[in-house]
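**Q** my questions concern the predicted model and sequence given below.
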Amino acid sequence: MITIKTPEEIELLNIAGSIVYDTHKYLQKYLKPGISTLELDKLAHDYIISRGATPSFLNYDGFPNTLCISVNDEVVHGIPSKRKLKNGDIVSIDIGACYKGYHGDSAWSYCIGNISDEEKRLMEGTEKALYAGIEMVKPGNRIGDISKAVESVAKAYNLSVVRELVGHGVGTDVHEDPEVPNYVTNYKGPLLKEGMVIAIEPMLNLGKRGVYLSDNDWTVITSDHQKSAHFEHTVAVTKDGYKILTGE
Ligand code: MG
Ligand code: MG
């Protein structure tokens, strides 16, 4: 069921989203070779708590940490560990925070030190795909319009679209209806209406689109072990367009 949020609820979702945005900004200064993903997790955990919120993903379906940190060929749901970041890594950090019962959800990919031109294409194409999807958010458009815009940017950048995971509604649950695929399907999807809140989150691969689930039953990895990127914002449908809730 797709819920329509009241202006008061959207205000709470925006506060949660701002905490997520600020957590990304806070972590950026620590993103250097040598830091472990578990150290980043601890920093984010304490920061989110200090803002009067709780981490949305901690204990979600048994997920053990605050952040999903997915490095290189890991697409999503990487579990923080003693693994240290190194020069040339692409690290995707997915952050969820819950404020007064309402969630914000945003993922961003960062490069550590120097990356190749091919990897820059991956980063630029995935971020552009996110914003192309967001541009389609307005009442009267359909979820399928977002999917089409995301997929067309992926094609233009010669990147492949992961299909096993999709965007979603956001509210009092971090994952609500509707699903927001990053590729065109036969179904155009529900109409967008003022007050809907969705997370748009392209996951694009440099190589083929195939993925598999790692032995930890969480982390999704590219089958060809080429790199993947992930950019996500939580967005509200407004009277005549959209508002990014996890932005500045
Ligand atoms: Mg997320
Ligand atoms: Mg999400």
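**A** That came in fine, so what should we check first? Ligands and ions are numbered 1, 2, ... in the order given.
**Q** which regions of the protein sit below the pLDDT cut-off?
**A** Along the chain, no part satisfies pLDDT under 70.
**Q** could I get the full set of helices for it?
**A** Along the chain, counting by DSSP state H, helices occupy 7-28, 37-50, 117-135, 143-156.
**Q** list the buried ones in the first one?
**A** Judged by neighbour count (16 or more other CB atoms under 10 Å), helix 7-28 contains these buried residues: 9-10, 12-24, 26-27. Heads up, the C-betas are built off the backbone N, CA and C, glycines and all.
**Q** stretch 75-90 now?
**A** 75, 76, 77, 78, 79, 80, 85, 89, 90.
**Q** over to stretch 193-207?
**A** Under 16+ other CB under 10 Å, the buried positions of stretch 193-207 are 194-207.
**Q** using a markdown table, lay out these together with distance to residue 174.
**A** Listed next are these as a markdown table, based on distance: CB to CB, whole Å:
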| residue | distance to residue 174 |
| --- | --- |
| 194 | 22 |
| 195 | 18 |
| 196 | 15 |
| 197 | 11 |
| 198 | 12 |
| 199 | 8 |
| 200 | 14 |
| 201 | 12 |
| 202 | 18 |
| 203 | 17 |
| 204 | 22 |
| 205 | 24 |
| 206 | 28 |
| 207 | 29 |
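**Q** among those, which are located in strands?
**A** Among these, the members found in strands (DSSP state E) are 197, 198, 199, 200, 203, 204, 205.
**Q** who's in contact with the fourth one?
**A** Right, residue 200. Counting by CB atoms under 8 Å, 6 or more residues apart in numbering, residue 200 makes contact with 130, 133, 134, 137, 146, 150, 167, 180, 232, 233, 235.
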